[in-house]
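K.L.:
My questions are about this predicted structure, shown below with the sequence.
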Amino acid sequence: MFENLSDRLGGVFDRLTKQGALSEEDVRSAMREVRVALLEADVSLPVARQFIKAVEKKATGAAVTRSVTPGQQVVKIVHDELIAVLSGEDDPGELRIDNAPAPVLMVGLQGSGKTTTTAKLAKRLKERDRKKVLMASLDVNRPAAMEQLQILGTQIGVDTLPIVKGEDPVTIAKRARTQASLGGYDVYMLDTAGRLHIDEELIQQAADVRDAVSPRETLLVVDGLTGQDAVNVATEFDEKIGVSGVVLTRMDGDGRGGAALSMRAITGKPIRFVGLGEKMDALETFEPERVAGRILG
Ligand code: GDP
């Protein structure tokens, strides 16, 4: 995650900090390089532009250029601005799973890593938060998807709702709720059907389930490797069904990380977790400060 961007920025800031005095032109020229690095990392143009503008405004004043360590001050400004672009005032932090049984709705396109992420989150809730979790697949179109969740459940020791053929997604969701209540579960996670593209049926199905169970969290799973497309998918899902957060998967394969940098600024939605591999433990919470630190190396 972010290796390419981190290398590029490292080069620019090394030069800047080694150079004793800095003129405004030095700062501007460094920022031009930062802008190119951001765009090469697939950060969306308006976000990169806004970012550079904000940094330049703070970094070209006399307080910085005439200070004893101007380069380091510029790096600090970039660091703070990265945190600003990655976070929001209403950052929810941990999953809201009070009032048991709390429904968590998982949505996203097919292949985004939705089922894997459902199981990863369930494992985390079970092991870290000591929660009793029930998982249910609502993918009535693909029996293999239901079985996949069941297999993962067995692997991680989390219960799955028994599969009943011929039920529609809303009926399954309601059955999950009943079982979660009767069985004393803290959380029930609903893994909705995915499709290759966003279409009417996909959205309608997710909206019907949402209306039936009023989820505490609606998490959108998107493939981080798809860069700006991931941000577009998030915008559309949020407009159509409303999401409370985003999980970016496959960040282990993304040295650029543009989707992570643009997501909050464009969609207004927080990234809550990142997927960093196929294994059930390869999930991290998304913490803007840590991410900014990682980007700046
Ligand atoms: P779904 O169709 O959205 O439910 O997608 P799946 O959960 O079946 O995942 C599709 C493939 O992506 C599987 O082979 C997963 O192991 C893989 N996958 C999911 N998340 C990640 C991740 O964070 N990193 C990597 N490298 N692979 C992932």
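P.N.:
Great, that's in hand. Residues are numbered from 1 along each chain as shown.
K.L.:
just how off-centre is the worst-scoring helix or strand of the chain on mean pLDDT within its chain?
P.N.:
Taking mean pLDDT, DSSP states H and E as the measure, helix 62-65 is the helix or strand of the chain with the lowest mean score, a mean of 75. Distance of helix 62-65 from the chain centroid (Cα atoms, centre = their mean, to the nearest Å) equals 36 Å.
K.L.:
How about stretch 227-242?
P.N.:
The chain centre lies 12 Å from the centre of stretch 227-242; the measure is Cα atoms, centre = their mean.
K.L.:
Strands of the stretch 51-200 of the chain, start to end?
P.N.:
Under the criterion DSSP state E, counting those that start in this stretch, strands of the stretch 51-200 of the chain are mapped to 102-108, 133-137, 159-160, 187-191.
K.L.:
Get me the contact residues on the chain for the ligand.
P.N.:
Where the chain comes near the ligand, counting by Cβ under 6 Å from any ligand atom, the residues are 108, 110-116, 194, 249-250, 252-253, 275-278, 282. All C-beta spots, glycine's among them, are computed from the backbone N, C-alpha and C.
K.L.:
just to revisit the earlier point, what residues sit buried inside the least confident helix or strand of the chain?
P.N.:
Burial within helix 62-65, assessed by neighbour count using 16 or more other Cβ atoms under 10 Å, is assigned to 64, 65.
K.L.:
Residue 96: how many residues sit nearby?
P.N.:
The tally of other residues near residue 96 (other Cβ atoms under 10 Å) stands at 14.
K.L.:
so where do the helices sit in the stretch 51-200 of the chain?
P.N.:
Remark: helices assigned in the stretch 51-200 of the chain by DSSP state H, counting those that start in this stretch are 62-65, 70-86, 114-127, 143-156, 169-182, 200-213.
K.L.:
Now the fifth one: average pLDDT?
P.N.:
Within the predicted structure, the mean pLDDT of helix 169-182 is 98.
K.L.:
what's in contact with the least confident helix or strand of the chain?
P.N.:
Helix 62-65 has contacts (Cβ atoms under 8 Å, 6 or more residues apart in numbering) with 21, 22, 23, 24, 27, 58, 70, 73, 74, 77.
K.L.:
Take the residues you listed and write them to a markdown table, including neighbour count and pLDDT.
P.N.:
Below are the contacts of helix 62-65 laid out as a markdown table (neighbours: other Cβ atoms under 10 Å; pLDDT from 0 to 100):
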| residue | neighbour count | pLDDT |
| --- | --- | --- |
| 21 | 11 | 82 |
| 22 | 22 | 83 |
| 23 | 12 | 86 |
| 24 | 14 | 86 |
| 27 | 24 | 88 |
| 58 | 17 | 90 |
| 70 | 22 | 85 |
| 73 | 21 | 89 |
| 74 | 28 | 90 |
| 77 | 18 | 94 |
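K.L.:
Fine, thanks again, bye for now.
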